[in-house]
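>>> How does the following fold in three dimensions:
(3 chains)
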Amino acid sequence: MRFSRPMICMIILSGLACMGGGGCTPVQPPANTNATPAATATANNTSAAPTPPPGTLGPAIPHDANFSDNPQTLAAIQHDFDVFSWQSFVALNWPAMPDGSADPGKIIGADGDGAVVWDGYKEPYEVFLPDGSTPTPWGQQQLPAQCRNLGPPGDKVLQMTQKVSDDVLDASGQPFGTGPLVDQQNGRYVRYEIRINRDTYDYIVQNTLYNKEGQQAFTQLIQFPKGTNPSSQAPDAPVGSIVIKAAWKVIDPAQGDIPGRFHKVQAYVYTRASDNPPTPPSCELKTVGLVGFHIAHKTASAPQWVWSTFEQVDNVQVGHDAPPGTKANFFDAVSTYPVNTPPPRPWNPNAVLPPDKRSQVKRVIPIDDATKALNAQWQAWLGGVNKDSVWQYYELVSTQWPTQPNASPTGPKPAGDPAPPFLANATLETYIQGNTPNVSSSCIMCHNNATTTNSKFSDFTYLLERAHKKGGGK
Amino acid sequence: MSSNQDLDNFVGLSAILTGFSADDLNPQFSPQPVAVEYLQTLQAKVAAPLVTQLLTTYQTIAAQFPAAEQPAQVQVQILTDPQMGPVARNIIRMWYLSIWYDGYDTGPVTGFSPGTVVSSNAYTKGLAWDAMQAHPMGYSEMHYGYWATPPQADDSTDAGSSANGNSSGGGQA
Amino acid sequence: MTEQTNYDVVIVGAGIAGGLAAYKLAQAGKRVLVLDGGPGVPPNRGAYMEKFYLSMAKTPESPYPDDPNDPRPVVLDIGSWQARPPTGYLVQNGPLPFSSTYERVGGGTTWHWMGTSLRHLPNDFHIQTTYGHGVDWPYGYDDLQDWYCRAEWEIGIAADVDHQQYHGLKFWNPDDPTRQQPYSYPMPEILQAYQDQVIERRLGNITLEGQQVTVSPTPQARNSIPFDDRRVCAGNTNCIPICPIQAKYDASIHVGKAQNAGAEVWFKTVVYSLDVDTQTGLISGVNYKQYEDPAGPVTQTGTVTGNIYIMAAHAIETPKILLNSATNELPGGVANSSGQVGQNLMDHPTQLSWALMPEPVWPYRGPLSTSGVESLRDGDFRKEHAPFRMEIGNEGWNWAMNDPWGSVNSLVAGGEFGATLRSTLNGLFIRQFRFGSLVEQMPLSTNRIVPSKEYTDNLGIPRPEITYDLDPYTRAGYAAARKVAAQLFAQMGATDFTSPNMSSASLFFYEDEPYILNGAGHVMGTYRMGNDRTQAVCDANQQSFDHANLFLLGSGVFPSVGTANPTLTIAATTLKAVDNIIKSVLK
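This next block holds a predicted model:
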């Protein structure tokens, strides 16, 4: 066992044990703290398939980061959280058994693209019901009315490994009306979905936080469960709350999409009724490919949650090992449409935009070199499992974590000074990238403003504001 | 002097000048250490020999006097010095208001004097706002309704306030 | 060139009036074009916030672009208002400087409004009849009540009706013709600041000018619960100059909704005059200049046409454009047969009084203001002097004394440092407090804005030239506000630190006592509505008496201004006027 960082932090901050303790004095890290083996620094499938250390690619979702014994510096802890992100990504996208749990007999990507673990997580529309009633039990799904008569989508499967999905993509805009994202191949809006894990679901249901009356009655501080890595003392330590937000683009090989570079599902593309712009409710089945993936995970070392964000490698520029002619998903060098600017209004979710109005996205804060090196290593390992694995075409943008995790939620600086201070996914926070405090995308800073329907701090998730009144109504 | 020593001396001197602890001024693992920005600003705006004189004077004070006597020594040796004094007072202003004021060495400085806000990051960390137990106008991390009750001390940052002038924060690889 | 256009409505100005009008008209299926001189609404507020953070003076205008092609007044101009050539955008003749400012960007001045959303009082609509001062409105409170409700739901106002029923204010469900059903604001009221509670406790039972003095929670256009896809207020204490998280409403919201409903908006399109068809007397076109680079040359001039024209460029630019449209046939300008265009410029002159409370009140926290003393907004004293509302500021001496910058600098200059400096500042800041009393100003024909004959802007368009003063009745109200503030400080055991800066460019006297004029940011009265076409520019429908297809929106139509911050009334009058256009004019 090694010390976890929060224990060390508490000692430092309380000023109790540091007087003589050599381990508390910050020391410069060795020069190679973040260096990766040269052989893995360039990921590609033509070199000999690299093999990760045994157990690295596994189905177990880490309950918290594991902190190395290296001297603890900002960069070293960042590295530990980035490894946690990759382990989480692999475990969440591990092949699932019919009951939704990870299949220990399989390896991620070995048998092609199929159902994955987080597919079994709940979507908010199933939890925050229009009449405020008790959500459907874990493991059961109730589709929105518009999607129910579409029937089993088996006919539309393009490849035999493709999953028949129950994903309902019910959002087409980015946070706070900042605008939709339009892909370069099909001119359609990127669609979004949110999923919560069992610990999150149970906390909401057990505390009746799924309706307004329950939120009103809940007078304690809302605190979702934290993940703690199992140990001999606590073999059943909880995984903690996990919230996933995924961005999907329509995949159509006829329009130039390369399906083998995306995790794909057949999904219900659900458009809610709206009066601005006037839009009737609709639902259609589409083959969609994963382009953006947030994992928010509340852990013992991060009461402000750990925020991992991944993207498909072709989002803002064509990624590694792309066949000739591959085009970026959200950038076209010949387009004159202004960069990082939403499409012109009206923002109709069913619009198909002409090429000169499609999104031009640039990453404002480049991916850190250490994270790039780590990405190359994990991509090579995933490609080593199966040279056609879709999972090798994803990259970690970064992991945001609190450098002052013990900050009180009711104190003056509850956000805990996140590192890195700004973090955006090009598909999920396209239009709020940047470096301006309190405005530019920072997972923790923004979610620090999240509340219930009655303005109580909701522990870094905006989901609770979706609750309705018992019997219906907002 | 290595740059780490400069930073340590700058933070140690700043702690005495501002009344905030070195840990408050330069917390461990800070992703955007404002102490580094302020030291760079000082080095860009003030002639190198004067900066060196200021930091070595402090270093000597720190080495020769117990912590309780250091503020008085800083006052006598630095704040009353005709060269170092105006610089030290501008360092106080910089920590409290995130501004480097021009003309600090030639005349009086007021709240309307010209100068430069060091950065948006620095603005969000001005000590004046901590001194009033509030938050920078335009940058609050607190939650809806906090204003209806008196402020709470932040235990996580205040408890470690025992002066530790030699803590080397930042610590980026 | 004249575009071949077939717009039902052409709107000049993309602020709250133009934005709301465009939204409602587009939703009703009308073809709408909005022209605005400023840059469009940015994809996010990062650039504005960054400019705010890096500004030495955090003025209301500090976050917004200083574009030469899109100039606007800024408060930093006021200190040198007499300079020639003018150092700022406005050409000020005095004898007092007009001290309120506005923005020319998509979303308009609501970017830096406080969010205070009080209704006018019933007596505010007929002050001439009741008190023998000012000018009556062409209708009463009951005629506007329903539109106040609808405006409150469009904008998103947080308040509880139970706390707003003073001075005869009544509330009813706007969809109930019997006026019996109760009404609710869309959001519960914003929690009052700790300081408001201390003030209320310390004031106890006090009666002034025959009124029981009470502290009332203020209706505010900021989210107390999640509303309209925006977050709840996090108390950034920065409503002015900019809410970092858009918990406070600004009109970029309705500009966007208008575009989603199908309205076209052309930004960087500066309107400088209107054309009139001499045969019909109807407006026949809007003349504009376009630029691409905010400091660069004109890239296009043109005229755009529609069936209906709506001016919504606020109370200085709108009369400037109307007067700048003078021709041989209409030498007084467009819509100006009454001669009233540009006259009666008003503000809510704001008397600042500041003090140290005898106990900590913890200012600089929460929205900039959460409560006010509304007791002296109405009463028989209005026969003698102007009424006022007392805004309770949550920003200590920030406005009054430029704190924390002022006090930090004076203490450091005085030799303080270290722990003493920190504790001295703490003891000072946590007890700071101020009243800002917004005084009703009377309309004066001599307070006016005209297009300057001497000075033009970067595009060659005449700049606004302003003549401005305070009448004795308004000055008496200002003096009364100062006196009441001192009385309330004494009642609370607070130490009054109010002292007029005798070298200020905004100094004025009343009965030999010195006062400093402050602007409230409320620009009003310059194209007033009324029933008499010889005394007003437009009728109760805000339709020009002279040109049947011209409508005027905004606080310029207010015949008198009461003591309520004008934005909510701008929104209510706009919704009322646009409803008439949809139902009766465009049909």
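>>> burial of residue 101, as a residue count?
All of this refers to chain A. For residue A:101, the count of nearby residues is 12 (other CB atoms under 10 Å in any protein chain shown). In short, each C-beta sits where N, CA and C put it, glycine included.
>>> Chain C, not that one
Applying other CB under 10 Å, I find that residue C:101 has 24 neighbouring residues.
>>> Against residue C:297, how distant is residue B:123?
36 Å (CB to CB, to the nearest Å).
>>> These two: which has the busier surroundings?
More crowded of residue B:123 and residue C:297, by other CB under 10 Å: residue B:123, with 25 against 11.
>>> Could I get the full set of helices for chain A?
With DSSP state H as the criterion, chain A has helices at A:5-14, A:38-41, A:74-92, A:124-127, A:145-148, A:198-206, A:212-217, A:369-385, A:443-447.
>>> again, but for chain B
Using DSSP H, helices in chain B cover B:3-18, B:22-25, B:34-45, B:48-64, B:70-74, B:84-97, B:120-123, B:127-131, B:155-158.
>>> before we move on, what about chain C?
With DSSP H as the criterion, chain C has helices at C:16-27, C:46-54, C:127-131, C:141-155, C:194-203, C:252-260, C:314-324, C:398-401, C:405-413, C:418-429, C:472-492, C:567-580.
>>> What lies in contact with the longest one?
Same thing as helix C:472-492. For helix C:472-492, the surrounding residues in contact (CB atoms under 8 Å, 6 or more residues apart in numbering or on different chains) are C:133, C:199, C:202-204, C:206, C:208-209, C:213, C:349, C:351, C:353, C:355, C:357-358, C:373, C:376, C:381, C:384-388, C:390, C:435, C:437, C:439-442, C:470, C:495-496, C:498, C:508, C:510-511, C:513, C:515.
>>> List the buried residues in stretch A:52-63.
A:52, A:57, A:58, A:59, A:61, A:62, A:63 (16 or more other CB atoms under 10 Å in any protein chain shown).
>>> next one: it to chain centre, how far?
18 Å (CA atoms, centre = their mean, to the nearest Å).
>>> Other residues contacting that stretch?
By CB under 8 Å, 6+ apart, stretch A:52-63 touches A:84, A:87-88, A:90-92, A:94, A:102-104, A:107-108, A:117, A:227-230, A:237-240, A:242, A:299, A:377, A:381-382, A:384-385.
>>> Repeat that for stretch C:580-587.
Under the contact criterion CB under 8 Å, 6+ apart, stretch C:580-587 has outside partners C:8, C:9, C:24, C:25, C:28, C:30, C:307, C:308, C:541, C:543, C:551.
>>> wait, isn't residue A:205 in contact with residue A:129?
No: applying CB atoms under 8 Å as the test, residue A:205 and residue A:129 come out as separate, 11.7 Å apart.
>>> who touches both of those two?
Counting by CB under 8 Å, 6+ apart, the contacts common to residue A:205 and residue A:129 are residue A:135.
>>> re earlier: could you list which of the contacts of stretch C:580-587 belong to strands?
Counting by DSSP state E, the contacts of stretch C:580-587 place C:8, C:9, C:307, C:308, C:551 in strands.
>>> Switch the helices of chain C over to JSON lines; also include mean neighbour count and mean pLDDT.
Converted to JSON lines, those look like this (neighbours: other CB atoms under 10 Å in any protein chain shown; pLDDT from 0 to 100):
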{"stretch": "helix C:16-27", "mean neighbour count": "29", "mean pLDDT": "98"}
{"stretch": "helix C:46-54", "mean neighbour count": "22", "mean pLDDT": "98"}
{"stretch": "helix C:127-131", "mean neighbour count": "17", "mean pLDDT": "98"}
{"stretch": "helix C:141-155", "mean neighbour count": "21", "mean pLDDT": "98"}
{"stretch": "helix C:194-203", "mean neighbour count": "19", "mean pLDDT": "98"}
{"stretch": "helix C:252-260", "mean neighbour count": "26", "mean pLDDT": "97"}
{"stretch": "helix C:314-324", "mean neighbour count": "27", "mean pLDDT": "98"}
{"stretch": "helix C:398-401", "mean neighbour count": "20", "mean pLDDT": "97"}
{"stretch": "helix C:405-413", "mean neighbour count": "20", "mean pLDDT": "98"}
{"stretch": "helix C:418-429", "mean neighbour count": "18", "mean pLDDT": "98"}
{"stretch": "helix C:472-492", "mean neighbour count": "21", "mean pLDDT": "98"}
{"stretch": "helix C:567-580", "mean neighbour count": "24", "mean pLDDT": "98"}
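>>> how much space between the spatially most central residue of chain C and residue C:346?
Residue closest to the average C-alpha location in chain C (CA atoms, centre = their mean): residue C:522, at 3.4 Å. The gap separating residue C:522 from residue C:346 is 8 Å, by CB to CB.
>>> Need the residues touching each of those two.
Both residue C:522 and residue C:346 are in contact with residue C:561, where contact means CB under 8 Å, 6+ apart.
>>> Poorly predicted segments of the chain, please.
You didn't pick a chain, so chain A it is. Along chain A, segments meeting pLDDT under 70 span A:1-49, A:149-166, A:474.
>>> looking at chain C here, not the other one
C:1-4.
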